[in-house]
Every structure is written in structure tokens, then in C-alpha cells.
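1. model this:
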Amino acid sequence: MGACGTQDSGGPAPHGERAVPAGANTAGTWRLPEESHPHESTYMAWPTRRIWGPDIAGVREDIARIARTIADFEPVVLLANEPEAQAARQACGSGVEVVPVPVDDLWMRDSGPVFVLGPDGIAGVDLNFNGWGNKQDHGRDSRVARAVLDEAHITRIKAPVTAEGGAVEGDGQGTLLAAESSLVNDNRNPGRSRKDIERALKDLFGATTVIWVKGVKGKDITDYHIDALARYSEPGVVVLSTPPKNSRPNEFTGAYEQARTVLDRAVDARGKRLEVVELPEPADIGRRGKGFLACYVNYYVANGAVIMPRFGDRKADSKAAAVLRDLYPGRKVVPLPVDNLGEGGGGIHCSTQQLPEAG
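-> Next comes the predicted model:
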């Protein structure tokens, strides 16, 4: 990993694409668009038995279901190890393009590049994925961002920090949301201060303001990614995952309360206070594993659609769909069962990464 401010093109850019030379000052050149910006496509990845073991069949069913659903609205490119590519094609159908690329797992939000826009088109930020602070061995996934960018002939920007795409949420207008627990953490950025990391994030994503919440270290594999807590539906409007009523106090309810206090007081890059919209979590979901991700805010915004999880709590599922319809008028809200992903501590947003249209 390079020193702060170092950008690495990863070698000559193919087919005449402009590379970002090492040491170039690219601050302010690129910006992170909002997720509702039109997409050229969605990237996903095919899970492996090495990671999921006996649960692999159900997890692959969830991924194939998500891929097929998104493909109704925009192109989907799914990465798969070459020996498993044909099985992935059969599961996902002809509407999904399967590309042989070495992968360990399905979490494309974290292992894939984060795409940014600029005057010269599109670039991809490689956040140096290290298995969420070396909690798991992800040697193949550590190279996925570079592989995607090489295959698509897109400029690669090597980040001067280690992070994951799910750790950063942007409004497209210069404001980022982030949790300290997953970034100001020695398992990713040893010896780096929040100020150092904030400077890097601003430079990488064309931001002028970072709103930090505290988060929770060490209680889930991500160290509390922001995309399972708070999302922008539009500039100035934050959708906040809210614990069920009568929840027992714990680290996560405490983190929610701290985040709510921060967001209620925060001012974005335009100098405006935020509107916070609550998205209540399900309560009646039966027996689930300790790390089950039961939150609706880990939805994905596709072209013309919002793909959201469905947990089987009819009242909560219906309420969440209604909230999202209000927040995204003109988009079809599509609920999907993703319980197998939830048992792995992730969801729909975690398994996707959008490639925005240039311009």
C-alpha cells in the first residue's frame, strides 16, 4: 500500500485508456456518484464452497435470485472461478453475463472497485481489500478490484488506505457517511488517525465533508459497515436502520443511538441539516444465527428499481417496502428472500457493486 496521496495505475492502461500515474495529485478530479445515478451495469460474484461449506447451495440460490432480478432492470456481470462458471450461468440464466475471474466469495461491494466519475470518464478505486482486517483469507478477492478494472479497461486508482466499499456511503454532492470502527482500526489502517483517513477519503471520492459515527469494533466481520446502518436516498435525506421496539440494550442499539444523535446534528457539504427517515428492522423473524443481518437498509438501487430484503415479518416487510416506495418514487420496489446471505452477515447491497454511466 502506498503512502498517503499515492495513486497507482497498475501498469499501462490498455486500449488507450488513461492511467493515473503514481504520485499524481488527483484530489478533486473524481467524485463518488449517488447510487441512484444511472448504471451501466451491476457487478456480482459467485460464492465458493471453501468459504460457505455446507451452506453453499442456499447461498448460491440467493445470489442467482438477486442477479436475475437486477438483470430485469440493467446488465449484470457476475464473476466466477472458471470451473464454476458454467454452473453459475445455468443458475443465473442468459440475462446475466458470467466472466471467469478468480474469486473467494460473493461480497462484491467490499472486494470490488468503487467507481468514481470525472472529466475523463470513469475510474475505479481499489481499496486494498484485506478480508475485513485479515479476519479471513481472501487472497483471490484482494485482486478482484484490479481484475475487474483490467478486464473493463478502466483506470485504476490505488487507495492510500485499506477499506471496503460498504464502509463508505456518499450523497453524490460531496458528503460521505462512515463508521470509525471499520476504518480507524489497526486491522486495516494501523497507526492512521481519523484525520489522515478522512483526508484520503475526501481525495478519493471528491468529498468536502465526512460525517462520522462511532460504530462497533469486533462484533461482526465488517466492524460495522455504514451500509447496514445508514444510506442516502437523495442529498440531504438519510435512511436509518432502526432497532425494533423493546430491543434489549446492546452494543448495536447503543451504536444506533449514537449515530442518531450525530445525524440529527450533522450538516452536509451544502451546509444543510439532514432529514433522517427511520427504516424499522424486523422483529418477528424466527430463530436466526447470532450474526444474522436483519436490516432493510442494505437494499440496492438499480435502474428503475429498489431491490430490498424480505425477512418474513409481514408487518415489517410491508412497512419497509412502503417507506422505500415513498423515498424512491418512480422505481419499482422488489422484495427478495435472502436469508442465506443474512446468516453470513450480509445482504443485497453487500453482494453488488454498481458501474455508473459516465457523464
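
2. where does the protein dip in pLDDT?
-> 1-28, 359 (pLDDT under 70).

3. 80 instead?
-> Across the chain, residues meeting the criterion (pLDDT under 80) sit at 1-28, 286-287, 289, 359.

4. Now do the helices in it.
-> Along the chain, the segments classed as helices by DSSP state H run 49-52, 56-71, 85-92, 108-111, 131-134, 144-152, 180-183, 194-205, 251-265, 314-327, 339-343.

5. and the fourth one, how far from the chain's centre?
-> A distance of 6 Å separates the C-alpha centroid of helix 108-111 from that of its chain, computed with C-alpha atoms, centre = their mean, to the nearest Å.

6. for the first one, same thing?
-> Helix 49-52 has its average C-alpha position 21 Å from the chain's average C-alpha position, going by C-alpha atoms, centre = their mean.

7. Buried residues, that helix. List them.
-> Across helix 49-52, burial judged by 16 or more other C-beta atoms under 10 Å covers 51-52. All C-beta spots, glycine's among them, are computed from the backbone N, C-alpha and C.

8. With stretch 238-257 instead?
-> For stretch 238-257, by 16+ other C-beta under 10 Å, it's 238-243, 252, 255-256.

9. Extract the C-alpha trace of stretch 93-113 and format it as PDB.
-> Extracted C-alpha coordinates of stretch 93-113, given in PDB (Å, rounded to 0.1, in the frame of the first residue of the first chain):
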ATOM      1  CA  GLY A  93     -29.800 -17.600 -16.800                       C
ATOM      2  CA  SER A  94     -29.000 -16.000 -20.100                       C
ATOM      3  CA  GLY A  95     -29.700 -12.500 -18.800                       C
ATOM      4  CA  VAL A  96     -26.600 -12.500 -16.700                       C
ATOM      5  CA  GLU A  97     -23.100 -12.300 -18.100                       C
ATOM      6  CA  VAL A  98     -20.700 -14.700 -16.300                       C
ATOM      7  CA  VAL A  99     -17.000 -13.800 -16.600                       C
ATOM      8  CA  PRO A 100     -14.300 -16.200 -15.400                       C
ATOM      9  CA  VAL A 101     -12.300 -14.300 -12.700                       C
ATOM     10  CA  PRO A 102     -10.700 -15.900  -9.600                       C
ATOM     11  CA  VAL A 103     -12.900 -15.100  -6.600                       C
ATOM     12  CA  ASP A 104     -13.200 -16.300  -3.000                       C
ATOM     13  CA  ASP A 105     -16.600 -15.000  -2.100                       C
ATOM     14  CA  LEU A 106     -19.600 -13.000  -3.100                       C
ATOM     15  CA  TRP A 107     -19.200  -9.700  -1.400                       C
ATOM     16  CA  MET A 108     -18.500  -7.500  -4.400                       C
ATOM     17  CA  ARG A 109     -19.400  -4.300  -2.500                       C
ATOM     18  CA  ASP A 110     -16.200  -4.900  -0.500                       C
ATOM     19  CA  SER A 111     -13.800  -6.700  -2.700                       C
ATOM     20  CA  GLY A 112     -14.700  -4.900  -6.000                       C
ATOM     21  CA  PRO A 113     -13.600  -1.400  -7.100                       C
END
